[in-house]
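Visitor: quick one: sequence plus predicted model below, questions after.
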Amino acid sequence: MKTGNGEKGSPSKLFRPIAALSFLAMFLFSAFCPARAAENDAWVEYRNVAIGEDGSFSAKVPAEARLVKADTGLRAELIEGSLRGTVEDSGTKEIEIEVANGAGLIILRLIRPGHSEESGRKRRREETAASERRPRKGTQPAREETPSSTTPPIPPAPEPLVLRGWGSSFSKQPRSASRPGGETAPRVTRLLPEKEEGGAGERGESGESEEPAALPSAPQVVLKPVPRGEDKVEDTGVKIDVTAKQGEKALFVLGVDLAARGLYTDAIRQFKRLLKEFPKTRLRSEVELRIGEAYEAQGKKFEEEALRQKDLRRSGAAAEALDEAISNYTSAVESYRSVIEKTRDLDQADETQLRLARALHGVVRTRFEKTNTPEDSPTVVVEYLKSFVGKSDTHLASQARMGIADYYRDLGDARLLVKMESKIVKRAYERAIEEYDGVAKEYPGSPEAERALFEIARLYDRNLEMRQFDAAVKYYELLLKRFPGSRFAAEARQRRDWIRKNYL
């Protein structure tokens, strides 16, 4: 039966043979290509790549390929599907390239021209073993690499070395020679020795216990009371509470060490870190005292720098140095006040009061130099008086009286510098001489008496407003008689002889 367009039968009958042929082709493809039929199975492909006479080679691989492994003795680089490299030694090399995130693997054999390949049986065994080791897609590769006979074995890692020692002397020692348990000695060691539990070190190769290396020496804790009176010796040790934690001790000793080296900014930073990390520390008063000392010492450095810049006629730099000096002296005063308010140690409070007066004296003195307005400041004198009035400590009293004398001398110098009236200048100098003379008479055996006599003699000798050569010779001779080994003896003797020769 013919249709209207002249064709025989229905159009659907024409597609049935085509569909049958398509299914047959798919079946044959899956039967003869099992390596790529299963979607979840990894596949391996081998390729031979010739090596040029100069040792170079190149090959094209899929763009998403990734270099996984390469034999030793060659250099390879894979960039956007283009593999290039060089072979440094003779022999056949292999490169493994992963494709499609582990779904397949391409193994490239790099063969030099004329090089005989291994037997087919051995090669097939290697291929079979490689395919069995290849993980399925989605699993983590876990290949065991067999080192080549030409690759030298990797030596064991050397035993780590640690630096041990105190201060600037260090020695290299292995970890086994450190403290028991392999713990290395800290950079800042503890201040008090602690008993090691067990008492035995690490076991050596012979099985016998080895004695642990001795810890570096550390500053001793001062526990004896501080003497009072004229025989009192300035304490240079590190006072520290025996109940303080190891971290507190370490930061405290580090700050003290930095301050002793003149690194005052770093020392202040460590002390403030201690107060921040250990807010309930029992070392608070001592730490704040050290902070004040560091600020005061730094203020003196800036004050000296200002004088140096003035000598060089650098007024701008001198003004900046004076600002820094005032700032540091002010910070020292604040730290000292905090110590006085919080400490329960009366001796520490009295000594801190003297330091506070000196720091406040530094603020006023530098302001004299910066503003050129030397006005009397009774506050400084009052703070000095607080440190010894009503107390029996003659050591503090002699130092405080010297501080008052120095204050009036500085006031006279400032007034003389700005050319104030002569009687106002002399008034300050006369008050200074009065205080110096009182120290020399009331504390005759103290170090302050030695300096007091020299300061009086120098005022009468070198100061134009107070010059009296006969009085200068009198105090120079008194100094040489009472303190023949004085550090001022050479200058005193030279000035006395010069005055006698030229003016008396």
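Guide: All right, it came through fine.

Visitor: list the contacts of residue 75.
Guide: Shown in contact with residue 75 (CB atoms under 8 Å, 6 or more residues apart in numbering): 85, 86, 88. To be clear about C-beta, it is placed using only N, CA and C from the backbone, and glycine gets the same treatment.

Visitor: need those residues in JSON lines with secondary structure and pLDDT, can you?
Guide: As requested, those are exported to JSON lines (DSSP: H, G, I helix; E, B strand; the rest coil; pLDDT from 0 to 100):
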{"residue": "85", "secondary structure": "strand", "pLDDT": "85"}
{"residue": "86", "secondary structure": "strand", "pLDDT": "84"}
{"residue": "88", "secondary structure": "coil", "pLDDT": "76"}
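
Visitor: so where is this protein shaky, pLDDT-wise?
Guide: For the chain, the stretches with pLDDT under 70 are 1-20, 22-23, 25-42, 90-91, 100-102, 113-242.

Visitor: ok, which stretches of it are helices?
Guide: Under the criterion DSSP state H, the chain carries helices at the ranges 12-32, 120-133, 246-260, 264-277, 284-311, 315-342, 346-371, 378-386, 394-417, 422-442, 447-462, 469-482, 489-502.

Visitor: surely residue 408 and residue 436 touch.
Guide: No - with contact defined as CB atoms under 8 Å, residue 408 does not count as touching residue 436 (9.3 Å).

Visitor: quick one, which of the two is more surrounded?
Guide: residue 436 (28 against 22; other CB atoms under 10 Å).

Visitor: didn't residue 463 look like it was pressed against residue 428?
Guide: No - between residue 463 and residue 428 there is no contact under CB under 8 Å: 11.0 Å.

Visitor: looking at the two, which one has more neighbours?
Guide: Set residue 463 next to residue 428 and count neighbours by other CB under 10 Å: residue 428 wins out with 22 against 18.

Visitor: show me what counts as buried in stretch 386-397.
Guide: Neighbour-count burial for stretch 386-397 flags 386, 387, 388, 393, 394, 395, 396, 397 (criterion: 16 or more other CB atoms under 10 Å).

Visitor: and which of those is nearest to residue 307?
Guide: Among the buried residues of stretch 386-397, residue 387 lies closest to residue 307 (CB to CB), at 27.4 Å.

Visitor: what about the closest one, distance to residue 443?
Guide: Going from residue 387 to residue 443 by CB to CB, to the nearest Å gives 15 Å.

Visitor: other residues contacting stretch 374-385?
Guide: Here stretch 374-385 makes contact (CB under 8 Å, 6+ apart) with 353-354, 356-357, 360-361, 364, 368, 400-401, 403-404, 407, 411, 414-415, 417-418, 420, 428.

Visitor: in PyMOL, how would I select just the buried ones from those residues?
Guide: Buried members of the contacts of stretch 374-385, defined by 16+ other CB under 10 Å, are picked up in PyMOL with:
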select buried, resi 353+354+356+357+360+361+364+368+400+401+403+404+407+411+414+415+428
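
Visitor: give the burial count for residue 466, as a bare number.
Guide: So residue 466, with other CB under 10 Å, has 21 neighbours.

Visitor: what residues are up against it?
Guide: Here residue 466 is in contact with 426, 429, 430, 433, 459, 460 (criterion: CB under 8 Å, 6+ apart).

Visitor: cool, and residue 471?
Guide: Neighbouring residues of residue 471 by CB under 8 Å, 6+ apart: 457, 460.

Visitor: could you measure it against residue 496, distance?
Guide: Using CB to CB, one gets 12 Å for the distance from residue 471 to residue 496.

Visitor: swap in residue 256?
Guide: In terms of CB to CB, residue 256 sits 43 Å off from residue 496.

Visitor: residue 350 too?
Guide: Plainly put, residue 350 is 38 Å away from residue 496 if you go by CB to CB.

Visitor: which of those two has more neighbours?
Guide: Comparing residue 350 with residue 496 by other CB under 10 Å, the one with more neighbours is residue 496, at 22 against 18.

Visitor: ok, residue 112 touching residue 51?
Guide: Yes - assessed by CB under 8 Å, residue 112 is found in contact with residue 51 at 4.8 Å.

Visitor: the two: which is more packed in?
Guide: Of the pair residue 112 and residue 51, residue 51 is the one with more neighbours under other CB under 10 Å, namely 20 against 16.

Visitor: contacting residues for that one?
Guide: Counting by CB under 8 Å, 6+ apart, residue 51 touches 57, 87, 110, 111, 112, 113.

Visitor: show me which of those are buried.
Guide: Using 16+ other CB under 10 Å, the buried ones in the contacts of residue 51 are 57, 87, 110, 111, 112.

Visitor: can you list those in TSV and add distance to residue 69?
Guide: Listed next are the buried ones among the contacts of residue 51 as TSV, based on distance: CB to CB, whole Å:
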residue	distance to residue 69
57	16
87	15
110	13
111	18
112	20
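
Visitor: what's the closest of these to residue 274?
Guide: Closest to residue 274, out of all of the buried ones among the contacts of residue 51 and judged by CB to CB, is residue 87, at 62.2 Å.

Visitor: surely that closest one and residue 74 touch.
Guide: Yes - between residue 87 and residue 74 a contact is recorded at 4.6 Å, counting by CB under 8 Å.

Visitor: what sits in contact with each of those two?
Guide: With CB under 8 Å, 6+ apart as the test, residue 87 and residue 74 both reach 93, 110.

Visitor: and which of the buried residues of stretch 386-397 is nearest to residue 321?
Guide: residue 387 (28.6 Å).

Visitor: now do the contacts for that closest one.
Guide: Per CB under 8 Å, 6+ apart, neighbours of residue 387: 350, 351, 353, 354, 357, 396, 399, 400.

Visitor: returning to what we had before: in ChimeraX, select just the buried ones from the contacts of residue 75.
Guide: This is how ChimeraX selects the buried members of the contacts of residue 75, with burial counted by 16+ other CB under 10 Å:
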select :85
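
Visitor: need the buried residues of stretch 386-397 in JSON lines (columns: distance to residue 317).
Guide: Shown next, in JSON lines, are the buried residues of stretch 386-397 (distance: CB to CB, whole Å):
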{"residue": "386", "distance to residue 317": "36"}
{"residue": "387", "distance to residue 317": "35"}
{"residue": "388", "distance to residue 317": "38"}
{"residue": "393", "distance to residue 317": "41"}
{"residue": "394", "distance to residue 317": "43"}
{"residue": "395", "distance to residue 317": "39"}
{"residue": "396", "distance to residue 317": "37"}
{"residue": "397", "distance to residue 317": "39"}
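
Visitor: what about residue 462, distance to residue 429?
Guide: For residue 462, the distance to residue 429 (CB to CB) stands at 12 Å.

Visitor: who's more crowded, the two?
Guide: residue 429 (21 against 11).

Visitor: Provide a list of residues in contact with that one.
Guide: Residue 429 neighbours (CB under 8 Å, 6+ apart): 408, 409, 412, 459, 463, 465, 466.

Visitor: save those as CSV, and put in distance to residue 280 too.
Guide: Converted to CSV, the contacts of residue 429 look like this (distance: CB to CB, whole Å):
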residue, distance to residue 280
408, 44
409, 44
412, 48
459, 51
463, 53
465, 56
466, 55
